[in-house]
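In: Starting from these lines, generate the structure:
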Amino acid sequence: MSSPLQIGLLVFPRVTQLDFTGPLQVFAMVPDAKLHLIWKRIEPVPSDSVMTLTPTTTFADCPQLDVVCVPGGSGTNDLLDDEEVLDFLRRQAGGAKYVTSVCTGSLALGAAGLLKGYRAATHWSAMEMLAQFGTIPTKTRVCIDRNRITGGGVTAGIDFALTLVSILVNRTTAEAIQLQMEYNPAPPFNSGSPDTASAEVLALLRERGAQNQARRLEAVKRAAERVN
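Out: As a prediction, this is how the structure comes out:
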């Protein structure tokens, strides 16, 4: 009997919960998969919303994963300077079948030196930052480059997870999960990309995120100097 797939998702303070819970819901439907929610300690971790997350294992106790996944969120800024987190990602990446991320989680993989020379996707607001890690920014919902699979912003995490299931198991299983979730998106507005959103909406979002964007850029610069 084959061993269960070991799939681990990093949880950290101010993670965007849908980056994390979208893929988690998909992976939870994979037959014979063992899921791990990973952080430094077993204690509640606040997301960027009202939801609090509870890790199931620590860095020290986490088994070797087949899939390691880093979601994104404003909390990724702190991960870029956190050597304990980056060391954990490097160790797991050495034995993992797939090293993955959703949204700005790709910046953490970049800071760990795990995306140098790879194509990768991320949230549109962080796309230009990826290049500082020697990564090739790729504007797509799901980017596959060898055993690096990265998803774009937030909701792309569901697309990413279904794509990965089709690779890990088979397409029929992935399609069955999609049907069970009734994942059949029909958004009410065509503003889900900076290419389609109005100039007014794009300007509003850039203004709201300016301070966090400035902090993220500084963290990326520091991390890139260490990597390079």
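
In: List the buried residues of the longest helix along the chain.
Out: Using DSSP state H, we find that the single longest helix of the chain is helix 210-227. Residues of helix 210-227 classed as buried: 216, 219, 220, 223, 224, 227 (neighbour count, 16 or more other C-beta atoms under 10 Å). Quick note: C-beta positions are derived from backbone N, CA and C, even for glycine.

In: Could you export the residues you listed as TSV, including pLDDT and distance to residue 119?
Out: Compiled in TSV, these are given as follows (pLDDT from 0 to 100; distance: C-beta to C-beta, whole Å):
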residue	pLDDT	distance to residue 119
216	96	21
219	96	22
220	97	18
223	97	19
224	97	17
227	93	17
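
In: Mind telling me the two of the residues you listed farthest from one another?
Out: 216 and 227 (15.8 Å; C-beta to C-beta).

In: ok so, going back, closest one of the buried residues of helix 210-227 to residue 8?
Out: residue 223 (21.7 Å).

In: quick one: contacts for the closest one?
Out: Residue 223 sits next to 80, 81, 107, 110, 111, 133 when contact means C-beta atoms under 8 Å, 6 or more residues apart in numbering.

In: State whether the second one is indeed within a strand.
Out: Pointing back at residue 81 there. No: under DSSP: H, G, I helix; E, B strand; the rest coil, residue 81 falls outside any strand and is assigned coil.

In: who are the neighbours in contact with the most centrally placed residue in the chain?
Out: Nearest to the geometric centre of the chain sits residue 102, at 2.3 Å (C-alpha atoms, centre = their mean). The contact partners of residue 102, taken as C-beta under 8 Å, 6+ apart, are 19-20, 22-23, 69-72, 150-151, 154, 156-157, 160.

In: just residue 18 next, same as before
Out: With C-beta under 8 Å, 6+ apart, residue 18 has these contacts: 154, 155, 157.
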